[in-house]
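Undergrad: Just to be clear, the model below is a prediction. Sequence and coordinates:
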Amino acid sequence: MIHSLFLVSNSGDIFLEKHWKSVISRSVCDYFFEAKEKAGDPENVAPVLQTPHHYLISIYRDKLFFVSVTQTEVPPLFVIEFLHRVADTFQDYFGECSESVIKDNTVTVYELLEEMLDNGFPLATESNVLKEMIRPPTILRSVVNTLTGGSNVGGTLPTGQLSNVPWRRVGVKYTNNEAYFDVIEEIDAILDKSGTTVFAEIQGVIEACVKLSGMPDLTLSFMNPRLLDDVSFHPCVRFKRWESERVLSFIPPDGNFRLLSYHVSSQNLVAIPVYVKQNISFLETGSCGRLDITIGPKQTMGKMVESLMVTIPMPKSVLNVNLIATQGTYTFDLSTKVLLWDIGKLNPQKLPNLRGSLSVQPGAPKPEENPSINIDLKIQQLAISGLKVSRLDMYGEKYKPFKGVKYVTKAGKFQVRT
Amino acid sequence: MTTMQRLLQLPVNAVNMVKTVQSQVQGQEEDKSPVLSPDNGQQTWYSALQPDELRHLRSGGTGGGGGGGGDQEERGFQEDGGGGGSGGGSFQSQPLRHDDLKEMLDSNKDSLKLEAMKRIVAMIARGKNASDLFPAVVKNVACKNIEVKKLVYVYLVRYAEEQQDLALLSISTFQRGLKDPNQLIRASALRVLSSIRVTIIVPIMMLAIKEAASDMSPYVRKTAAHAIPKLYSLDPEQKDQLIEVIEKLLADKTTLVAGSVVMAFEEVCPERIDLIHKNYRKLCNLLIDVEEWGQVVIINMLTRYARTQFLNPNINESLLEEGGGGEKTFYGSDEDEDEDDEEKEKEKKVEAAAMAKRKPYVMDPDHRLLLRNTKPLLQSRNAAVVMAVAQLYFHLAPKAEVGVIAKALVRLLRSHSEVQYVVLQNVATMTIKRRGMFEPYLKSFYIRSTDPTQIKILKLEVLTNLANETNISTILREFQTYIKSMDKDFVAATIQAIGRCATNIGEVRDTCLNGLVQLLSNRDELVVAESVVVIKKLLQMQPEKHSDIIKHMAKLTDNIQVPMARASILWLIGEYCEHVPKIAPDVLRKMAKSFTNEEDIVKLQILNLAAKLYLTNSKQTKLLTQYVLNLAKYDQNYDIRDRARFIRQLIVPTEKSGALSKYAKKLFLALKPAPVLESPFKDRDHFQLGSLSHLLNAKAGGYQELPDWPETAPDPSVRNVEVPEWTKCSSREKRKEKKVEKPFYSDSEGESGPTESADSESDSASGSESGSGSEGSGTGSESEESEEASVSEEEDEEEEKKTKKRESKKPVQESESEQSSEEEDRKRERKSKQRKSESESESDEEEDSESDSSQSESEDSESEAEIKKKKKAAESKPPSKPVKKDTKKEKKEMSLLDLDDFEPTPSPQVTPVNNLLSNSLVTDLEGLSLSDAVLSPATIAPSSALKSYELLHRITGEGLSVEYCFSRQPFSPDANMVAVQMHFTNNSTSDTKNLHMEDVKLQSGMRVKDFPEIELLPAGEKATAVMGIDFCDSTQAANFQLCTHTRKFFVSIQPPVGELMRPVFLTENEFKKEQGQLMGMNEIAEKLTLDAKCRNEHAIVQRVTTAANLSRVPCGSDKECSPLVPPPEHPVYRFAGRTVTSGSLVLVTVASREEGAAQLMVNCEKMLIGTMLVKDILLALTQ
């Protein structure tokens, strides 16, 4: 299915190649570079390209292109999903997925790729299984390894692939048994000029960090499971029990994983935590414009809005900005023309305001569209949909685990049209 | 030593290997494959040959290895012989930088080797050629260090193809590994062996794969499946043999193997769809447990399979369409030839008949199975799986069910942009066929300014496809904001989209046009040009209505400078000059003035305009045209000069003018068809959705065409998996047993009727049934017990009467009534308001004496005596019996217990001490009398109402109706089977003959014992029969055909989970002990609020036992047998049973609390059963 993989840096340097079948010359990437050139923005490179003899399926992650080559029909999502899984694994192993990190760990990367695919067909993609075969590098281990000549390769063979719970390794032992669940909700919204909601919905995930010994069987139940309109599960979740009882019953993988992602339907009214009063205008004549933005709390359920950040991609004709912020700091990137206003905590008594003038390239016509305002924020201890975890039960093991649930609400793709 | 180390340990040294394999190759590779020879033999053989062989190798030189390779071997040999470093000179041919690597590889230190290998692998990763190191590296296949070894493998797999001869060095390591006792080592060896792309080892690989395919370990079998496509790509000639292996692996029952083997199937022999038949159901059932990637492959393959094997579920719809078309042609031809008329008529009849025949589309249960089992996968986290299921539903599901996929697909839009890209492409195709599906999610396709352009354009496409009369205004409003975007490609696409909305939806055409006209004043050239082009297209559809817009556009020529837009306007004016007769010449005048300053495309259109005006309005424009033509004649651009020359010859009449000039009008003013604005995604669904080919809209290599639905369904029986032959139970003893049981059951039936309701009622039927085989021949067996026989004869007569009286009543009722006397009947009439249950209970009373006598005669007189005691106790004990009704109820309650006792296992409450029994009875009774008011007939009714299920409706069965119920009797031929009692009623006017079953289709492991054939069922008559089904402790349906002498009906029986168990007696202590062992995952607890009518013991017990075939565990709350002890305030009810097939314990606890609150707890080893049971009991208790 997947014939070869090339890792290409943003500058167009192929810095890693791996072939699972016969070798395909890297010149095949020329078609990709051509498309990249044409697209301009790396985001705009078509994920699937057709060349005379091959098909190139690529993803763009963390300023890297993962370009895979296939020769025959294959579901494109299959490859795309797999490539993302590869990137996730790198992230998992090395903390980040960047060119330098991959170059530093070429051998581990190569070993990983070797294990993840067999003849182009995914073999082991579960992090728990991979980590048993190839240990992730840590500073301590690398020091030890250089002294002793040890290796990253696990001394034992993975058993996960053989068991009925392939996502969990056996023989896990912890002195502190703990299970943490982070309920993270993101508000996706489009507000129009007047502040009315064009479209809003809540996307949530439950990220779990489970460090429990043995083979625990967990059951997580919600106070209000009906809220969840659409869900997708980690393979460990028993679907039947969700269907019948609306509880999450699962044997968790060891470590961090995403247990569930859900969607709260847009039919429910979505609480919008902040409002934005904005006035951005460009004068018809003359080379300047005005900007005035105020942000205030709207429906925050009594919680503090934190990490408030406003991003405005300005029209290309804007040369510079001259603004005063009553709170926080702003920066204007002259090359990308992005105005970034980092506000921090939202003080309901004294609303943050940013105002001032924009200098526009003289002679350039007035931009037709006002830039849209993207908002980033965070509210701790609140799931904006109202979702609540009611309890977590553990079966199958004797000890008493430490349990914790945390709620966070964030702005997802939160956009205000102006 | 860990397993991994064992794997990586090379037993034979590298030099030996060279020689063996080489000689093998040169000699008899066919007949003496190293795989076949035993290990020991191999080694001795090596040593015998060693020196000569090596010399030979050295002198002869190895083909692919080259000089370097030769050197390396020499070196190896010398080392082997004890010599130290030598051959230093030979390294000079190598590039210097590789020298140190070689030295490191040859050193004795693992750390140096490792370092060298790491550097080599890094070279490979960067794409640098490291092939000249092959000899030095391959030797280290023997290295004991795991990581070195792994990296050597990496190297080996990468370069083996280029250095085939040397690669053979390593083969025997893997061959050895293939025989290792550790499954992981075997698998790993096979994996590397099969990855070495060296043609010469094909036979070795073949053998290894074959062996691994029958390995004990599923993991090794999985690896074998992976190896199949590798071998196939290496040597396609092996196809036939590989197919055999695939066939074998397809039959594998483990989830581990399923995905891999289907992948191999797809790569090697996707055309051999016949291999799937036998495994189809298994694959469907395993699917949810297969790993994600395997799921994708299996689902895609099953989609194709289903298209060849099942009928189109939307067939009626498409037939209607076709029907309309067919009619037309029929009438059309009618006029032509009258002779054919009759023939056509016949044809038409045949067609109609075919249609009628096809009309009642019944989905093949296997088709349904596929749809049902894939649906949960829509919840997968893996986008590829979701997409695979979505395309399966799109291609296979009935129209009404396709909608479920929309939500999941919309969810994927939150994922990475590449995923969005692919999903949107597919959604775009789907929206053309099934718009309604995505309409509720319209807003999810709204565009953000931060989306990448390609995503924006796809979303726009979807929005356009979704537009209809109702939502167009919102969509247009949304489009308006898009037009202002800074992304100009996107704006252009939006204008196109508006154009398409305008053509598709008549109502908004004018609005759109106006909007577009406004855009003409936009400052951006691209926007204007695009709008003009779109307006042009729109106007072409109905020009006469929009002369004012044409006029407006004519005016725009003064302002608009974008050449494309100017050209478009000029074309419009020229094309529709008759609509703007006054303005057109004026525009031409202005254009003529500015001609020399215009862009080329504008000049060309000016020429066109001039020519068209000349032809329509030569009076006013003759001079102007000639002026323009003259200007064009001397233009710098030859295209324009050319065009001018051409036009002049065509329109200006001269003596020399050719024959064409008279056609000038036709040439220039021909009616041009309006361009059709349609989606680029139209008709893309002939490619399987989600495929690469669909995405590219071109057939990709290896794409398997999605076949059309077959006209008629291929034989569904090919998917039947052989069921172990039914061992016929014909032993005389068993029959006798049955007969002995019979009177007992028929007696107890009357008592138990009200409590055990449907089950007990059917008991009686099945009792007689099992004894006699069928109703018709029943008397034969019954006659063994003389009084019984006489009773039943009487009953027969009565039955006839009753059927006349209450024809509508279900057959099971008749069997009850068999037991009742005429008196009861009268009473029944009298108390017509009361439901059957009560009337039955009355009958109990009446029968009491009778039953006593019969019971005493029956074999287990002991237990019956006890029952009698109980009965009497029931009648006498309750101190206050206000009304007669009460007694009956009490008796019912008691009989519930009795019945439980008599169920298959040795009766529980009979064996223990009497006081316990009566004690529980007392509590029962207390509950009863207390709840008198609550126990209205209505509450009892549902339980006593027959829980019979329809198998075949009167109408579909063409007069034959069949119902079935679960009799809760042990099915004597096979204890692992659930007895199902079937009631046949022939409602038609003709006799039905040879009623039997055929073609049983079952899930693996399930078994069925057919009911004996009913030879004749006269019109209006009824019959009963019993069949046994071993459901394997699953609620999977048993599908079979019910055949009469004329017809066959597809029917299926699906058991409620409560019927999959049989009661078992446990004491409370035993119960608690067992319960303690079934904790954790095996325990499911649920809180509930009891239904208002279900708060007393009687009701709870009744409802639970109705819902599931369980027996009550006597409660030891208070040990004294005094009737005065009040029931505990919050009693706990316990029920126990075992699943029929596997005998797993099923323990149910209902603990009541204050105010109707209660907790239900089910402990069962089979979690699935537990979960379902909880659901069922919950339902029973809360309703």
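TA: Sure thing, it's come through.

Undergrad: Alpha carbons of stretch A:306-314, in CSV - could you do that?
TA: C-alpha atoms of stretch A:306-314 as CSV (Å, rounded to 0.1, in the frame of the first residue of the first chain):
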residue,chain,number,x,y,z
GLU,A,306,-7.7,33.6,30.8
SER,A,307,-5.0,33.6,28.2
LEU,A,308,-7.1,35.8,26.0
MET,A,309,-5.4,36.5,22.8
VAL,A,310,-6.5,38.3,19.6
THR,A,311,-5.0,37.6,16.2
ILE,A,312,-5.8,39.7,13.2
PRO,A,313,-4.3,39.0,9.9
MET,A,314,-4.2,42.4,8.3
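
Undergrad: Give the buried residues for that stretch.
TA: Within stretch A:306-314, the residues that count as buried by 16 or more other Cβ atoms under 10 Å in any protein chain shown are A:307, A:308, A:309, A:310, A:311, A:312, A:313, A:314. C-beta coordinates here come from the backbone N, C-alpha and C atoms, glycine included.

Undergrad: Give me the contact list for that stretch.
TA: A:274, A:293, A:295, A:321, A:328, A:332, A:336-346, A:352, A:354, A:358, A:371-380, B:449-450 (Cβ atoms under 8 Å, 6 or more residues apart in numbering or on different chains).

Undergrad: Return a PyMOL selection command for the buried portion of those residues.
TA: Listed next is the PyMOL selection for buried residues among the contacts of stretch A:306-314, using 16+ other Cβ under 10 Å:
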select buried, (chain A and resi 274+293+295+321+332+337+339+340+341+342+343+346+352+354+358+371+372+373+374+375+376+377+378+379) or (chain B and resi 449)
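
Undergrad: Quick check: phi and psi on residue A:10?
TA: Main-chain dihedrals, residue A:10, degrees, to the nearest 10: phi -60, psi -30.

Undergrad: Next, count neighbours for it.
TA: 13 (other Cβ atoms under 10 Å in any protein chain shown).

Undergrad: Repeat that for residue A:44.
TA: Neighbour number of residue A:44 under other Cβ under 10 Å is 19.

Undergrad: Go ahead and confirm it touches residue B:456.
TA: No: Residue A:44 is beyond contact range of residue B:456, at 9.9 Å (criterion: Cβ atoms under 8 Å).

Undergrad: What average pLDDT does stretch B:443-461 get?
TA: For stretch B:443-461, mean pLDDT rounds to 89.

Undergrad: cool, stretch B:271-282 as well?
TA: The model assigns stretch B:271-282 a mean pLDDT of 87.

Undergrad: which stretches of the stretch 1-150 of chain A form strands?
TA: A:4-9, A:14-19, A:48-50, A:55-61, A:64-70, A:117-118, A:121-122 (DSSP state E, counting those that start in this stretch).

Undergrad: on that earlier part again, filter the contacts of stretch A:306-314 down to the ones in helices?
TA: In helices, defined here by DSSP state H, there are no members of these.

Undergrad: of the buried residues of stretch A:306-314, closest to chain B?
TA: residue A:313 (7.5 Å; Cβ to the nearest Cβ).

Undergrad: What's opposite the closest one in the beta bridge?
TA: Judged by DSSP bridges, the bridge partners of residue A:313 are residue A:338.

Undergrad: and what of residue A:57?
TA: residue A:48, residue A:68.

Undergrad: That one and residue A:70 touch, don't they?
TA: Yes: with contact defined as Cβ under 8 Å, residue A:57 counts as touching residue A:70 (6.5 Å).

Undergrad: Those two: who's more crowded?
TA: Per other Cβ under 10 Å, whichever of residue A:57 and residue A:70 has more neighbours is residue A:57, with 27 against 23.

Undergrad: Now do the same contact list for that one.
TA: A:47, A:48, A:49, A:67, A:68, A:69, A:70, A:76, A:79, A:80, A:83.

Undergrad: tell me which of these is nearest to residue B:1105?
TA: residue A:80 (54.3 Å; Cβ to Cβ).

Undergrad: Tell me where the model's unsure across the chain.
TA: No chain was given, so I picked chain A. A:138-164, A:265-268, A:285-286, A:368 (pLDDT under 70).

Undergrad: not quite, I wanted chain B
TA: B:1-97, B:316-360, B:543-544, B:654-659, B:722-946, B:1115-1129.

Undergrad: still on that earlier bit, return the subset of the contacts of stretch A:306-314 lying in strands.
TA: A:274, A:293, A:295, A:321, A:332, A:338-344, A:354, A:358, A:373-380 (DSSP state E).

Undergrad: Residue A:415 in helix, strand or coil?
TA: Here residue A:415 is recorded as strand under DSSP: H, G, I helix; E, B strand; the rest coil.

Undergrad: residues near the residue in the stretch 1001-1150 of chain B positioned nearest to chain A, how many?
TA: Closest residue of the stretch 1001-1150 of chain B to chain A, Cβ to the nearest Cβ: residue B:1080 (3.4 Å). Applying other Cβ under 10 Å, we find 14 residues neighbouring residue B:1080.

Undergrad: pretty sure it contacts residue A:216?
TA: No: in this structure residue B:1080 lies outside contact range of residue A:216 using Cβ under 8 Å: 9.6 Å.

Undergrad: shared neighbours, the two?
TA: Joint contacts of residue B:1080 and residue A:216 (Cβ under 8 Å, 6+ apart) are A:395, A:396.

Undergrad: Export the contacts of residue A:57 as CSV, with columns for distance to residue B:991.
TA: Formatted as CSV, the contacts of residue A:57 follow (distance: Cβ to Cβ, whole Å):
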residue, distance to residue B:991
A:47, 68
A:48, 66
A:49, 71
A:67, 74
A:68, 69
A:69, 71
A:70, 65
A:76, 61
A:79, 64
A:80, 64
A:83, 68
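
Undergrad: residue ranges of the helices in the stretch 51-200 of chain B, please?
TA: B:66-80, B:96-106, B:110-126, B:134-138, B:146-159, B:164-167, B:171-177, B:183-195 (DSSP state H, counting those that start in this stretch).
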